[in-house]
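>>> no sequence on hand, only this structure:
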């Protein structure tokens, strides 16, 4: 069974840092691009980052560029999102998603990030 | 950035009805349009990719059409389990963007 399990969310103060992880199983992790997508408390979905299957290429929207870093360890079947300089507007449920060409075909259960003083 | 405008934002329909949700892109996205279903308390799930391709396991009462800037998601013979919020998403160019969602309720 294809499965993605996120971890690492929590409460962090503005300006703080947090690192999310996503453990993948049930498919050949190294063959797929992977992404992070977040859902705000208002239920809006926002794409956060994508990394190519081999890890050489990364993509971000301007809203997180320079603050967030996506990475992966194909030997450990794990995806990461390092988040720094966190802001209140980064508060969201963060989903790990397997990524095909232009869309997300498998989603994890998500991990909650709350940025508040 | 490509803006995705979904309508309506909410919809109430009866069991057995056929409903249509529309998604308009602010620029040409060819067929790089996907639809997702999010049931209450659950995660988003892929329904349709590349405008009209049904994802594995999705019932055939769901269908998608369109290209360029205008797209539709149609659900025929509405079932109780179709209660959800539906989102469109463009994958034509970065940053990938989502529509604001359509909340479907049963009358």
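Yep, it's here. A quick note: this is a predicted structure, and the numbers were derived from the prediction, not measured.
>>> now do the contacts for whichever residue of chain B sits closest to chain A.
Per CB to the nearest CB, residue B:91 is where chain B lies closest to chain A, at 2.2 Å. In this view, the C-beta of every residue, glycine as well, is placed from N, C-alpha and C. Counting by CB atoms under 8 Å, 6 or more residues apart in numbering or on different chains, residue B:91 touches A:101, A:102, A:103, B:29, B:32, B:33, B:34.
>>> and it, how far is that from residue B:14?
Residue B:91 sits 33 Å away from residue B:14, going by CB to CB, to the nearest Å.
>>> next one: residue A:80
Using CB to CB, residue A:80 is found at 46 Å from residue B:14.
>>> those two: who's more crowded?
With neighbours defined as other CB atoms under 10 Å in any protein chain shown, residue A:80 and residue B:14 compare such that residue A:80 has more, 19 against 9.
>>> what are the bridge partners for the more buried one, then?
Counting by DSSP bridges, residue A:80 is bridged to residue A:21, residue A:71.
>>> just checking, it touches residue A:22?
Yes: between residue A:80 and residue A:22 there is a contact under CB atoms under 8 Å: 7.4 Å.
>>> in chain A, which residue sits nearest chain B?
Among the residues of chain A, residue A:102 lies closest to chain B, at 2.2 Å counting by CB to the nearest CB.
>>> how far does stretch A:88-105 sit from its chain's centre?
Taking CA atoms, centre = their mean, to the nearest Å, one finds the center of stretch A:88-105 at 6 Å from the center of the full chain.
>>> what's the span of it, first residue to last?
End-to-end span of stretch A:88-105 (CA to CA, to the nearest Å): 29 Å.
>>> now stretch B:42-56
This stretch, stretch B:42-56, spans 19 Å end to end (CA to CA).
>>> please identify the buried residues of that stretch?
B:43, B:44, B:45, B:46, B:47, B:48, B:49, B:50, B:51, B:52, B:54, B:55 (16 or more other CB atoms under 10 Å in any protein chain shown).
>>> give me the spatial nearest neighbour of the first one, chain neighbours excluded.
Once flanking residues are discounted, residue B:43 sits nearest to residue A:107: 4.8 Å by CB to CB, 6 or more residues apart in numbering or on different chains.
>>> need the contact list for the one you found.
Going by CB under 8 Å, 6+ apart, residue A:107 touches A:4, A:37, A:95, A:96, A:97, A:98, B:43, B:44, B:45.
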